[in-house]
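In: Sequence first, predicted model second:
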Amino acid sequence: MIPIAKPLIGQEEKDAVMKVLDSGMMASGPKVREFEEAFAAANGVKHAIATASGTTALHAAMLCAGVGRGDEVITTAFTFIATPNSILMCGAKPVLADIDPRTFNMDPLKIEARITPKTGAILPVHLYGQPADMDAILKIADRHGLKVIGDACQAHGSAYKGKKVGGLSHAECFSMYPTKNMTSSEGGMITTDDGGLADMARSVINHGRGQLALGTYDHVRLGYNYRTTDIAAAIGLEQLKKLGGFNKRRRENAAYLDDALEGVKGVEVPFVLGGAEHVYHQYTIRVEDRASLQARLRENGIGFGVYYPKAVHEYVHLTQYGHDDLKEAEHAGREALSLPVHPSLTEEDLSKIAGTIREWAEKQ
Ligand SMILES: Cc1ncc(COP(=O)(O)O)c(C=O)c1O
């Protein structure tokens, strides 16, 4: 079986975890700080704040950007459920914009019409590892004096016009879940150049403690326990060192599949936006007859994923946010199919994936 994802944990991660366990410091401690500093440096930003997950990073970052009850946040209609859920967690309303069918990312042309006096922020997602169309999005945000908070949960190491994803907007949020391009087991990260946002985020994720009183009982706001651990940070630090190599392999694997699948009837290979450095968290093709290709892949022991089977407003708790102009997101939910692209694939695996799809297409 060729799996759709495979975390790569080496001896370095195991040794680092054992050191933390031996140190007796298992909660947030020196390893978390070291992980934050290394992650900030890798993204060319001043601050990184480690969190318990990508979802908690998004919730905390938006709270710190001032998003609250009654606000509206404009986001994509095609993403993992945690993106709109994090808006709901702030007491705000997700306002959905349709996607560019080529990239699956939010279409900047669909944003401006959705801005109202209640708009609190714009939340683009860099889906599948490809940065959103940030020049256009930031221009709109500037014109309306809005903050942009990015969901980079699938985009570690990617870049846009030479700038690392962590520095693309006011704050960017990452997930360290095991299937991501790098992992810390569970975990997340907020990156920003805004010192005020960073200070507030450190408080929000730590029960609302005051900055001068970390570890004490001086609570200055509503906060949460959204911290991560030194155990997770030790894994994350080792993975961060390997991220460049992992992403290189992903991009090579994607190039192989691009070549092998280009022109295959019924299959559309991923489109890369000018200026975007795609890191292929997922290699997602479009297939009209998805069910029949899924059956063929299954028969041949090839893993796949449907990210995602529905547009955001097609989930039961989000139907009220639907409207007429979300057709591309709905369409993507019927056609998107992700193939294995992770760094552990062999040339034989890649050849089998491409060969199976070509044979399937010939019989269509
Ligand atoms: C686009 C997107 N947003 C948010 C999240 C949430 O991250 P986590 O699962 O770490 O909470 C994920 C991760 O699965 C994601 O892919």
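Out: All right, it came through fine. Note that the coordinates shown come from a computational prediction; the quantities given were computed from them, not determined experimentally. Numbering: from 1, shown residues only.

In: Could I get the full set of strands for the stretch 1-150 of the chain?
Out: For the stretch 1-150 of the chain, applying DSSP state E, counting those that start in this stretch gives strands covering 47-51, 72-76, 93-97, 119-123, 147-151.

In: For the ligand, find the nearest of the ones you listed.
Out: strand 147-151 (4.8 Å; Cβ to the nearest ligand atom). C-betas here are computed from N, CA, C, even on glycine.

In: Pull that closest one out as PDB, backbone CA atoms only.
Out: C-alpha atoms of strand 147-151 as PDB (Å, rounded to 0.1, in the frame of the first residue of the first chain):
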ATOM      1  CA  LYS A 147      -5.800  43.100   8.900                       C
ATOM      2  CA  VAL A 148      -4.900  39.900   7.100                       C
ATOM      3  CA  ILE A 149      -4.300  36.800   9.200                       C
ATOM      4  CA  GLY A 150      -3.100  33.800   7.100                       C
ATOM      5  CA  ASP A 151      -3.800  30.100   7.500                       C
END
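
In: Quick one: list the elements packing against it.
Out: helix 54-64, strand 119-123, helix 134-144, strand 171-175 (3 or more Cβ pairs under 8 Å, 6 or more residues apart in numbering; DSSP states H and E).

In: Centre of the chain to the third one, how far?
Out: Here helix 134-144 shows a centroid-to-chain-centroid distance of 20 Å under the convention Cα atoms, centre = their mean, to the nearest Å.

In: Ok, the last one next?
Out: For strand 171-175, the distance from its own C-alpha centre to the chain's C-alpha centre is 7 Å (Cα atoms, centre = their mean).

In: hmm, stretch 90-105 touching the ligand?
Out: No - applying Cβ under 6 Å from any ligand atom, one finds stretch 90-105 separated from the ligand by no less than 10.9 Å.

In: Leaving out the residues flanking it, which one is nearest to Tyr283?
Out: Excluding the flanking residues, the one nearest Tyr283 by Cβ to Cβ, 6 or more residues apart in numbering is Val341, at 3.7 Å.

In: Name the next helix or strand downstream of the longest helix belonging to the chain, please.
Out: Ranked by number of residues, the top helix in the chain under DSSP state H is helix 230-261. The element immediately downstream of helix 230-261 (helix or strand, assigned by DSSP states H and E) is strand 267-268.

In: so what strands line up beside that following strand?
Out: Strand pairing for strand 267-268, using DSSP bridges, gives strand 283-287 (antiparallel).
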